[in-house]
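In: predicted coordinates and the sequence they were generated for:
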Amino acid sequence: MSLDKMRNIGIMAHIDAGKTTTTERILFYTGKIHKIGEIDDGQATMDWMTQEQERGITICSAATTTQWKGYQINIIDTPGHVDFTAEVERSLRVLDGAVAVICAVDGVQPQTETVWKQADEFKVPRLCFMNKMDRIGADFYASMEDVHEKFGVDCLALQIPIGQGQDFEGVIDLLSMKELRFEGDEGEKVVESEIDASRLEQAKEYRDKLVEMVAASDDALMELYLDGKEISLEQLKNAIRKGTIERIFVPFVMGSARHNQGVQPLIDAIVDFLPCPSDVPAAKGLKIKKDEQEEVEIPCDVSKMPCGLVFKIQYDREMGPLCYVRMYSGKIQAGTQIFNVNKKKRERVNRILRMHADKSEAMDSLTAGDIAVFIGLKLAQTGDTIGTEAFNVLLEQPVFPQPVISVALEPESMSEKDKMNETLEILSREDPTFTSHEDEETGQLIISGMGELHLDVLVTRMRDDFGVKCNVGAPQVTYRESITMTASASEDYSKVLGGKENNAGLTIEVSPREQGSGNSYECTVRNNSIPEEIYDAVKTGFESALASGIKYGYPCTDVGVKVTDIKYDEATSTTFAFEACAAQVFDKACSQADPQILEPVMNVDISCPKEFVGPASSQLSQRGGNIMGQDSKTTGEIIHATAPMANMFGFTTNLRSATQGRASFSMEFSHFQIKAGGLNNF
């Protein structure tokens, strides 16, 4: 398959906007599946996990490949729930284009904003599919204006609706200037007809807007437009494609995926306007030499050295870890050895599979621009670069958000302990936002994740999929520690171990950093008589100290450590002594720098009818929430607020009882802030 005939796309949106339903229709119309499965019946092809079928939501991004008019489309259906943001992030990292599914009734919803920002971060060109056009309250124009206002993008309507809500019949294609209706039992027949006289004026008005916006992005078309000359359909399509790839504007199509309307023009738009792997800028990587790193471009070329990124790992009971790989250059064949650049180890690719949700077909090789699954990689983790030793290039690693909620986990019997530890290792390889550690004081095993649903899903998987019998404690908030002042301290360490003296001396300065900027370490001492391993030991000592906290054992955040003096004695100084000295001087300096407990604060969005705004706001205020603003939508009001996570447990029940079950809310991590009442209230 030539590169220009390939599309790597993701389907992204707010929870319940219709991503999986849209993907299901795309697969049906392209002939990949022969029967449409509905989410409500637990039959959707892409929601293949038992829990996805039971809960009716997408949990892990599923990959599939289909063909349309001679083009190969690799599709990743991503989750919409905020607890699974990392799944969206790692998918967008390797995709060339995305389809944002937007609900025509609700417009831009909270999670739409999150995924849109993520797509902006990775500079992913996108087009929008306005879904649920046949629902009461659907308004294509208002929802498109909502996208324009919220994201500041130019919206290019490629279609306008024939009726809205219950009157929705089909669409007017502004490129071909034809009416399209979708007939047959499954909407498989696209029926073209001339535009009705009553709608012709509006169609011409929007056609002119389209031509004007497209011409403004292309100098050659602008000349034709100003001279009043006819712009051909091909010229228009080429200019729309160019403008979409350069993210000058976002094309809009519409329909109702649930009722099989408008999906075929969406597939045409994916092929016509979203980029192929060679259209997007070349991936950047770091070429690793002995002491330095040099940034290099990796052009998407099959004839070049192989280089790919492991962007997702999924455990299969029979095949072991399935490593999802996006190839950026070169070619890797099944049965050959590859080099893991991150781990500096060789591994064998036993098999290469083309995935279709949980089903697969074997492939001989994977070439640049394509996505497939490798079987047989034992060491690979999410974010690892694979290739060859001759081309020692590291693709940037994805950065994942910090877990904010924890629960204690214990096996029902000692015989279950090993099985539980193995399962936790598998799950944390699959999901980088899921971590586990043993609490030194209580001896309990603590697992941490992105939210209550996230941990609930993982614990259910441990029990059902892996057969681990375990008890789960109540959710606990993951706190952080930090300092609010600058302080300096010196420490001399001396200890005799096994008859040998171990000496070290350090002077440091600790200072608070800007909120959300993370920790930093700097050593201003440079002395040729001090060996490199001593510098490494000092750095390791401070990294461990930052991870183990100041007073309460929570990891430190936003703390800067600067080493200003090192006392080194060639005869008695050891790496062990410097690591121990670093821990002691860190505690000493931080205890003088006004240490504070930081708690996670969440962005909360409550959706409720107008008459329940008061009770809903009151419930949030009682939990220490701050109301930041309010939006009015056709479906009701959306209250934007922030609240400490510790106060939000059990909020669902209280909110429902105060609003007669008519309000819902979504929540995502915002930042860490000093806990009210400080250490005294802890």
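Out: Nice, thanks for sending it over.
In: can you give me the helices in the stretch 251-400 of the chain?
Out: 263-273 (DSSP state H, counting those that start in this stretch).
In: actually the stretch 51-200 of the chain, not the one I typed
Out: Taking DSSP H, counting those that start in this stretch, the helices of the stretch 51-200 of the chain run over residues 85-94, 110-121, 140-151, 197-216.
In: hey, least reliable of those helices by pLDDT?
Out: Lowest mean pLDDT of these: helix 85-94, a mean of 70.
In: on that earlier part again, most tightly packed of the helices of the stretch 51-200 of the chain?
Out: helix 85-94 (a mean of 24; mean count of other Cβ atoms under 10 Å). Every C-beta, even on glycine, is put in place using the N, C-alpha and C of the backbone.
In: just to revisit the earlier point, adding distance to residue 540, write the helices of the stretch 51-200 of the chain out as a markdown table.
Out: Converted to a markdown table, these look like this (distance: least, Cβ to Cβ, whole Å):
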| stretch | distance to residue 540 |
| --- | --- |
| helix 85-94 | 28 |
| helix 110-121 | 32 |
| helix 140-151 | 44 |
| helix 197-216 | 56 |
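In: right, so of those helices, which gets closest to residue 273?
Out: For these, the distance to residue 273 is smallest for helix 197-216, at 11.2 Å, taking Cβ to Cβ.
In: next, the angle helix 140-151 makes with that closest one.
Out: Angle of helix 197-216 versus helix 140-151, following axes from the mean of the first three to the mean of the last three Cα atoms, to 10 degrees, is 20 degrees.
In: could you list every helix and strand that helix 197-216 packs against?
Out: With contacts defined as 3 or more Cβ pairs under 8 Å, 6 or more residues apart in numbering; DSSP states H and E, the packing partners of helix 197-216 are strand 154-157, strand 159-162, helix 219-226, helix 233-245.
In: residue 583 is in contact with residue 544, isn't it?
Out: Yes. Here residue 583 reaches residue 544: they are 6.7 Å apart, a contact under Cβ atoms under 8 Å.
In: closest to the centroid, which residue in the chain?
Out: residue 89 (2.0 Å; Cα atoms, centre = their mean).
In: measure it to residue 605 for me?
Out: Note on residue 89: its distance to residue 605, by Cβ to Cβ, to the nearest Å, is 20 Å.
In: ok, now residue 497?
Out: Using Cβ to Cβ, residue 497 is found at 57 Å from residue 605.
In: which one of these two has more residues nearby?
Out: The neighbour comparison of residue 497 against residue 605 (other Cβ atoms under 10 Å) goes to residue 605, with 21 against 10.
In: and the angle for whichever strand or helix holds that one with helix 110-121?
Out: Residue 605 belongs to strand 595-608 when assigned by DSSP states H and E. Angle of strand 595-608 versus helix 110-121, following the same axes, to 10 degrees, is 120 degrees.
In: packing partners of strand 595-608?
Out: Against strand 595-608 (3+ Cβ pairs under 8 Å, 6+ apart) you get strand 480-483, helix 613-622, strand 636-644, strand 664-674.
In: just send those back as CSV, with distance to residue 112 too.
Out: Formatted as CSV, the helices and strands packed on strand 595-608 follow (distance: least, Cβ to Cβ, whole Å):
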stretch, distance to residue 112
strand 480-483, 29
helix 613-622, 21
strand 636-644, 12
strand 664-674, 11
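In: closest one to residue 255 among those?
Out: That would be, of the helices and strands packed on strand 595-608 and by Cβ to Cβ, strand 636-644, which comes in at 24.4 Å.
In: buried set for the closest one?
Out: Going by neighbour count (16 or more other Cβ atoms under 10 Å), the buried part of strand 636-644 is 636-639, 641-644.
In: what lines up beside that strand in the sheet?
Out: According to DSSP bridges, strand 636-644 forms sheet pairs with strand 595-608 (antiparallel), strand 626-633 (antiparallel).
In: now do the last one: distance to the chain's middle.
Out: Offset of strand 626-633 from its chain centre (Cα atoms, centre = their mean, to the nearest Å): 25 Å.
In: that strand versus helix 613-622: what angle between them?
Out: 150 degrees.
In: what's the answer for the longest one, then?
Out: Relative orientation of strand 595-608 with respect to helix 613-622: 170 degrees, computed using the same axes, to 10 degrees.
In: before we move on, the earlier item: min pLDDT across the buried residues of strand 636-644, which one?
Out: Scanning those for pLDDT, the smallest score is found at residue 636, 79.
In: that one and residue 608 touch, don't they?
Out: Yes. With contact defined as Cβ under 8 Å, residue 636 and residue 608 form a contacting pair (5.7 Å).
In: report the contact partners of the residue nearest to residue 104 when sequence neighbours are not counted.
Out: Leaving aside its sequence neighbours, residue 104 sits nearest to residue 138 (Cβ to Cβ, 6 or more residues apart in numbering; 3.9 Å). Taking Cβ atoms under 8 Å, 6 or more residues apart in numbering, we find residue 138 in contact with 104-105, 132, 164-165, 168.
In: out of the strands paired with strand 636-644, which is the most enclosed?
Out: Mean neighbour counts for the strands paired with strand 636-644 (mean count of other Cβ under 10 Å) peak at strand 595-608, with a mean of 22.
In: contact partners of stretch 571-583?
Out: Here stretch 571-583 makes contact (Cβ under 8 Å, 6+ apart) with 491-495, 497, 501-506, 533-534, 536-538, 540-542, 544-545.
In: so for that stretch, what gets flagged as buried?
Out: Applying 16+ other Cβ under 10 Å to stretch 571-583 flags 573-575, 577-583 as buried.
In: and stretch 504-518, by the same measure?
Out: Within stretch 504-518, the residues that count as buried by 16+ other Cβ under 10 Å are 504-512.
In: just the ones in strands from those residues, please.
Out: Members of those lying in strands (criterion: DSSP state E): 504-512.
In: quick check: residue 494 touching residue 567?
Out: No. Assessed by Cβ under 8 Å, residue 494 is found out of contact with residue 567, at 10.7 Å.
In: please say which of these two ends up with more neighbours.
Out: residue 567 (17 against 12).
In: quick one: the closest residue in space to the more buried one that isn't next to it in sequence and residue 498, what's the gap?
Out: Using Cβ to Cβ, 6+ apart and skipping the chain neighbours, the partner closest in space to residue 567 is residue 505 (2.7 Å). Counting by Cβ to Cβ, the gap from residue 505 to residue 498 is 21 Å.
In: before we move on, what about residue 650?
Out: 55 Å.
In: who has more neighbours, the two?
Out: residue 650 (11 against 5).
In: can you tell me which residues contact the more buried one?
Out: Counted by Cβ under 8 Å, 6+ apart, residue 650 has zero contacts.
In: for it, give me the pLDDT.
Out: Looking at residue 650, its pLDDT reads 76.
In: now residue 37
Out: 57.
In: what does residue 21 give?
Out: Predicted confidence (pLDDT) for residue 21: 84.
In: you'd agree it is in a helix?
Out: Yes. Residue 21 forms part of a helix when assessed by DSSP: H, G, I helix; E, B strand; the rest coil.
In: quick one: it from residue 270, how far?
Out: 16 Å.
In: comparing these two, which residue is more hemmed in?
Out: residue 21 (27 against 22).
In: the residue lying closest to that one once chain neighbours are set aside: what's it in contact with?
Out: In space, and not counting its chain neighbours, residue 21 is closest to residue 257: 4.4 Å by Cβ to Cβ, 6+ apart. Shown in contact with residue 257 (Cβ under 8 Å, 6+ apart): 18, 21-22, 24-25, 101, 129, 131, 263.
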